[in-house]
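# here is a sequence together with a model predicted from it:
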Amino acid sequence: MVSGYICLVLLILLACRGIVRKMGWKKADLYLGKFHKPLGVCIVLIAAFHLIMTLSVWKTRWILVVISGIITMVVMVAFVAMYLFRKRNPKRWMHYHRVGTLVLVACLAIHMAVYFVDLGRYMGAVQNISIQGVSATGIKDGDYVGQYDVGYIYAKVNVSVRDELITNVEIITHNNERGAKAEEITNRILEKQTSKVDSISGATNSSKVIKKAVENALMNAEKRK
């Protein structure tokens, strides 16, 4: 996410050169001109880094975030291609350059706006998680599957019950970004014999999702007659 902020700031700085040139501010134009190409190269490198780092989390993102990101990258590639072949049509290059910069700024701004909407949806979903504290009391022996999804984090678990005790919690799937250590929560659930246990420090959101998946498994389990 930080890389997106940096790209947007650098793009705005590049766009400023066109504005000061339009205003006739020669000193400002000359000053910004010194950094124009280096900033452009930095944007391309940072954007490439951002793309590589986010490939692994695309499946947890809202589809509009992915689409807007792809469009932004396509526009950036087209912009770079226009620059490389600028000598073929030097008279039209500056026009394409200015329009391309504005389009790129707009695409990146839209991508970031959509991301923030998606982030808000995710944070709201996490805050709405309510852990009731379900145990295996009254549940027939068996293995029960439960899952929970808040967008950025998804967990699917298999809970084993024997003699009204939780004997094992197997995490089948846990899609996360930095919450892998939350999987230690299964030990606490086994120790306390309830889904309502303290979250793992530094992985609170993933802990909540896993606990809710366990709780769903137990709530959907077959009851003893």
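Thanks, I have the structure now. Note that this is a predicted model, so its numbers are computed, not measured.
# alpha carbons only for contacts and neighbour counts from here, please
Will do.
# so residue 75 sits against residue 105, correct?
No. Contact between residue 75 and residue 105 fails when scored by CA atoms under 8 Å: they sit 10.1 Å apart.
# these two: who's more crowded?
More neighbours surround residue 105 than the other of residue 75 and residue 105, with 21 against 18 (other CA atoms under 10 Å).
# going along the chain from the strand or helix carrying the more buried one, find the next helix or strand for me.
Assessed by DSSP states H and E, residue 105 sits inside helix 90-127. Going down the chain from helix 90-127, the next helix or strand is strand 142-149, by DSSP H and E.
# how about that next one: buried residues?
Buried residues in strand 142-149, counted by 16 or more other CA atoms under 10 Å: 143, 144, 145, 146, 147, 148, 149.
# among the residues you listed, which one sits closest to residue 38?
Nearest to residue 38, judged by CA to CA, of the buried residues of strand 142-149 is residue 149 at 42.6 Å.
# so the closest residue to the closest one other than its chain neighbours, which state does it fall into?
The shortest distance from residue 149 to any non-neighbouring residue, by CA to CA, 6 or more residues apart in numbering, is to residue 155 (6.5 Å). Three-state call for residue 155 (DSSP: H, G, I helix; E, B strand; the rest coil): strand.
# and for residue 155, the neighbour number?
Neighbours of residue 155 (other CA under 10 Å): 25.
# quick one, grab the pLDDT at it.
For residue 155, the model assigns a pLDDT of 95.
# is it in a bridge, and if so with what?
With DSSP bridges as the criterion, residue 155 is bridged to residue 148, residue 174.
# which residues does it contact?
147, 148, 149, 171, 172, 173, 174, 175, 209, 210, 213 (CA atoms under 8 Å, 6 or more residues apart in numbering).
# now do 7 Å
Applying CA atoms under 7 Å, 6 or more residues apart in numbering to residue 155 gives the contacts 147, 148, 149, 173, 174, 175, 209, 210, 213.
# list the buried ones in stretch 182-193?
Going by neighbour count (16+ other CA under 10 Å), the buried part of stretch 182-193 is 182, 183, 185, 186, 188, 189, 190, 193.
# let me fix that: stretch 31-47
By 16+ other CA under 10 Å, the buried positions in stretch 31-47 come out as 32, 36, 39, 40, 43, 44, 47.
# before we move on, the earlier item: ok, the residue nearest to residue 149 to residue 213 distance?
6 Å (CA to CA, to the nearest Å).
# anything in contact with each of the two?
Taking CA under 7 Å, 6+ apart as the contact rule, residue 155 and residue 213 both touch 147, 148.
# quick check: which ranges of this structure have low pLDDT?
Applying pLDDT under 70 to the chain picks out residues 1, 224-225.
# give me the nearest residue to residue 152, chain neighbours excluded.
Sequence neighbours aside, residue 60 is the residue nearest to residue 152 in space, at 4.8 Å (criterion: CA to CA, 6+ apart).
# gap between that neighbour and residue 66?
From residue 60 to residue 66 the distance is 10 Å (CA to CA).
# compare these two (neighbour count), which wins?
residue 66 (20 against 17).
# please identify the helix or strand for residue 16.
helix 2-23.
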